[in-house]
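*Asks:* okay, sequence plus prediction incoming.
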Amino acid sequence: MMEEDREGLLRVSAHTIRVTEAVRDGDSLTFIVISQKLSGSGEYHVARTHEDFEWLQQCLFSQEEVPGVLGVIFPPLPAKPHLNASTKVLKQLGFLVMGKEWCTYCKALEIYLQQVAANTRLNKNKCLENFLTSSDAPGQQRVRKSIFNRLSQAVEGLRKEGHKDVDDFFQTERDNNFTLTGCSKSATERFLDVVLTEQKLAVACGHLSTCLHLCVEQRDDGTAQAFSQICVKLSEVVDLMKKNFENVAENNLSTLGLGLDLETRYQEAKKEMLYRRTCKLVELETASKNAERAKPIRKAAMDDLKMKSEKEFDQISGVAKQEIARFHSVHVKLLHQALILWCEKQLETAKETSASYSQHLQAFKDLGE
Amino acid sequence: MATSSERSPPPFPDSEDQELEPEEVRDQDSDDGGDIFLGAVSICLEAFSSPVMDVFGELPRNLSSAPVMDILTEPASKTSTAPMEDSISKPSSTSVVDILCEPSSDNVKEPEPDIIDPLADMINNAPVRDARAPIAAVTKEPTRDLFDDEPSDLFAEPRPSKTIKQPQTSTDIFGEEAVTTVPSAVKRTIPINSKTNGVHSDEEADIFAEATVELSLDSPRNDRKRKEAAKPTASAPSVTASVSKPQPPTLEEREQKCEGDLTKPVNVFHSTGDGMNAYMAYKVSTQTTLPMFRSKMFTVRRRFSDFLGLYEKLLDKHAQSGYIVPPPPEKSIMGMTKVKVGKEDNSSAEFVEKRRAALERYLQRVVCHPSLLQDPDVREFLERDDMPRAHSTQALSGAGFLKMINRATDAVSKMTIKMNESDVWFEDKLLEVEAEDQQLRKLHIMVESLVGHRKELSVNTAGFAKSVAMLGSSEDNTALSRALSQLAEVEDKMEQLHQDQAASDSFCLAELLADYIRLLGSVRASFDQRMKTWQRWQDAQNMLQKKRETEAKLLWANKPDKLQQAKDEITEWEAKVTQYEKDFDRVSSTVRKEVLRFEKEKARDFKKQIIKYLESLLQSQQQVEFWTLPQAKTGPVLA
């Protein structure tokens, strides 16, 4: 077929991929994925569940034919959204589950797909194409065993993280990444606290507003009326406060919250990649040592192993360097976009609220004049 | 005058005592204090241990005090508007000063026509105030304009009773402003009574083109009308997007508000030891033109127990006549202990500030009350340098126990008295009061929870700001790093903002509600008093009945010697019955008047406070806008 011959070029343009709705289907969520054809002649609409996404991720992981695939920083897939889960589980998912009607989660999935499609080493995979265009759910297909399994078995029991690197560049990267992962994780958590408190405040304001409404007095005379009016007006203002908090919280989580969450997950993905490389390094060093110490009978075999390891390692390192460079620009762009969006939205909300407050203040002053 | 604080009120005072007070009261009622007061009384309350002059030495508080001196030259005195709580009072008190020296906060304008309150300023120089001062971008010009106008307006204000002229202060402070002579102080001497209300308000309105009227009320109804008339004009100039002009009342208020230092506790040597004997001394500064005071301006130092003592005395004397005696803030063992122990954290500073503000409002309410102001005890409290310790207010003293016993007796008798309510107004009112009490309590709880959440938000925001700062510093990309650092700064500011807003919530709303809950308690007490009077009347009637029966029996049994005695007794009791009936009517009418006054004050108070609150809300919101803006602008740079 034509498509398959074409070196697996993706038929859709990466940046047009959208994940629009999340339809709740009993216990699971189904997402609508829309993408524009590269030829510009239409769209693909497919419905996918989280299992489908996981299948895709597995496919990507198991691309053995791509040289140095271990050096790729795989875009992180958001965790499975539990619909009826406990608060603890929900808290782990953090910002993604908090948005109105899962829109934050959808955005996260969207970014995932866009990043996968934009990564030249990943987007040639037929699975991706399949995922985006085929109307059948691909989740049922059997996935080849992921290469990662092999690796983890090989390095089982060895602490590799602290292993000193041979390359300064990578050592610096690893150190930086370590700090950054910690920082972004803690920033995300703190921000989550802030947003949760804002939501609590919104609820408290709601209660206050209701209470104030109940203060309206029944009598007819002037003073009672005045007091009632005051109460009603104040209750309106408190309602405004409540809406403000809700909006602020919503803005927070849909922009900066998402950005920080993404940042955290991306840093973790980078960490994993670096870890894989470090493991390979250890493997290489072990192989080298073995080759040196090998008895002549086995020397050839050991040397072979060593060469193979070295080659793989070099490939990984090469890919890793490119990926890291790309990663830098990507993650900066993503976080930056999140910040800008956050500013804009918050500014907008603040302006609206200011205007409303002004109005109410004026109305209040005019009361009973 | 009964100044002994040891005296516990007899449940039913003798008729002799009754004689004096009703007359006094009656006089006051009829005059509305018009003849008696030719000026206003302004009270400044400072929590301070250093002499007043020291206070003047400090900016900006100084300025607020300085005008005080100048005011002496004015016939009018200034009544401070109800000093609002911390964040508000500071700006307002230093409004004049601030306007001169630095952008004053929007809050300056907040203490809006504080018509209600007389004067109790507390000077509290706690540094805490600085921290809490809302950032305001109030330009000086507008305020100055106001000042230009105010002085004349203010001068026009002085009412025979207690009006405070704040503008005076402002002019004084600014120096540039010419001190306008009091136009027709004569106007003020017109006895104000309800009939002239309409006329008066017109005049007032004319006089204060822009003044926010903060007249204190000499006659509650008058004041209110005046206030209302002047308000529309006042509000016009005052509302601008981000700048609020200090209104004259603000100035007045400011003036009234003395800021006190967190006083270094003065050690009083009791038998119990040193550290825990430290107490907070509050400085009460008064400015007045009323002739009944010895001087125009004076300051005294008072302890918290002195305030309680004053309340006890007023209660003893006036509660039986049905007056609603404003209650002081409650004792708080936890709060004072923390302060004594010397804990330097926010909560103890906050506690002191809250207490100071509450005491100030308390005094202002007392002075606002036309009848209570007449009481020599009040005068003594404000004037006398050295007051005897009010030991009866201590919980564990002999007097304390006596009070508890009396209260218990009262509670029991309240339950047993079944009043034949002839006037349905009272019945309805009582029900309303009780319903209102419930509502206010609920509201108070809600507001407190709101305050708690805000504080939590502030803490969380601080944590977030720190983590973002760390993230920013670890980030390689310089532009992103810079953006993140900016974000951290913004969040830091937001944290402060949330804290301020929490304080405003607390001081504006929560304290207001707490005050009124206490006041409603007093209202209920006045209703109870009325019931007691009724009971007494009924008892007298029963007694008369019995005496008549005795007389009839004696007549029938034909014992002429005892007959005379019986007849005498009957006459005596008839007189008593008449007396008690009159008392009852009098108390009923007093209670009715008081309740109406209370309601009006309440509406006014609430409105004022809420406006203040709204203004602070608006201000914080605008700050948010202001800070978020630069962040948004750095966006394009990164791309």
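*Replies:* Okay, I see it.
*Asks:* and the stretch 51-200 of chain A, which of its residues are near chain B?
*Replies:* Residues of the stretch 51-200 of chain A lying close to chain B by CB under 8 Å from any CB of the partner chain are A:176, A:179-180, A:183-184, A:186-187, A:189-191, A:193-194, A:197-198, A:200. Placement of C-beta: from N, CA and C, glycine included.
*Asks:* top of the residues you listed by number of neighbours, please.
*Replies:* Compared across these, A:V194 has the highest neighbour count, 30 neighbours, by other CB atoms under 10 Å in any protein chain shown.
*Asks:* for the record, mean pLDDT for stretch A:115-122?
*Replies:* In this model, stretch A:115-122 carries a mean pLDDT of 81.
*Asks:* restricting to C-alpha, output it in PDB.
*Replies:* Extracted in PDB, the C-alpha atoms of stretch A:115-122 (Å, rounded to 0.1, in the frame of the first residue of the first chain):
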ATOM      1  CA  GLN A 115       5.200  15.600  20.900                       C
ATOM      2  CA  VAL A 116       5.200  12.000  19.700                       C
ATOM      3  CA  ALA A 117       4.200  13.100  16.200                       C
ATOM      4  CA  ALA A 118       6.900  15.800  16.200                       C
ATOM      5  CA  ASN A 119       9.700  13.600  17.300                       C
ATOM      6  CA  THR A 120      11.400  12.400  14.100                       C
ATOM      7  CA  ARG A 121      12.500   9.100  15.600                       C
ATOM      8  CA  LEU A 122       9.100   8.200  16.800                       C
END
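*Asks:* in it, what's buried?
*Replies:* A:115-119, A:121-122 (16 or more other CB atoms under 10 Å in any protein chain shown).
*Asks:* let me know the closest of those to B:Q374.
*Replies:* Ranked by distance to B:Q374 (CB to CB), those are led by A:Q115 at 81.4 Å.
*Asks:* re the thing from before, among the buried residues of stretch A:115-122, which ones are in helices?
*Replies:* When those are checked against helices (DSSP state H), the matches are A:115-118.
*Asks:* closest to B:K562 among the residues of the stretch 51-200 of chain A next to chain B?
*Replies:* Out of these, the member with the shortest distance to B:K562 (by CB to CB) is A:K200, at 79.9 Å.
*Asks:* what is the nearest of the residues of the stretch 51-200 of chain A next to chain B to A:L341?
*Replies:* Of all those, A:F191 has the smallest distance to A:L341: 14.5 Å, by CB to CB.
*Asks:* what's the closest non-adjacent residue to that closest one?
*Replies:* Leaving aside its chain neighbours, A:F191 sits nearest to B:F464 (5.3 Å; criterion: CB to CB, 6 or more residues apart in numbering or on different chains).
*Asks:* show me the contacts for that neighbour.
*Replies:* Neighbour list for B:F464: A:187, A:190-191, A:193-194, B:491 [criterion: CB atoms under 8 Å, 6 or more residues apart in numbering or on different chains].
*Asks:* could you rerun that using 10 Å?
*Replies:* Going by CB atoms under 10 Å, 6 or more residues apart in numbering or on different chains, B:F464 touches A:186-195, A:256, A:260, B:487-488, B:491-492, B:494-495.
*Asks:* need the max-distance pair from the residues of the stretch 51-200 of chain A next to chain B.
*Replies:* Across those, no pair lies farther apart than A:N176 and A:K200, at 36.0 Å, counting by CB to CB.
*Asks:* out of the ones in helices among the buried residues of stretch A:115-122, which comes closest to B:S522?
*Replies:* Distances from B:S522 to those, taken by CB to CB, are shortest for A:Q115, at 68.8 Å.
*Asks:* let's see the pLDDT reported for the residue nearest to the closest one when sequence neighbours are not counted.
*Replies:* Leaving aside its sequence neighbours, A:Q115 sits nearest to A:P75 (CB to CB, 6+ apart; 3.8 Å). Residue-level confidence at A:P75 comes out at 85, pLDDT.
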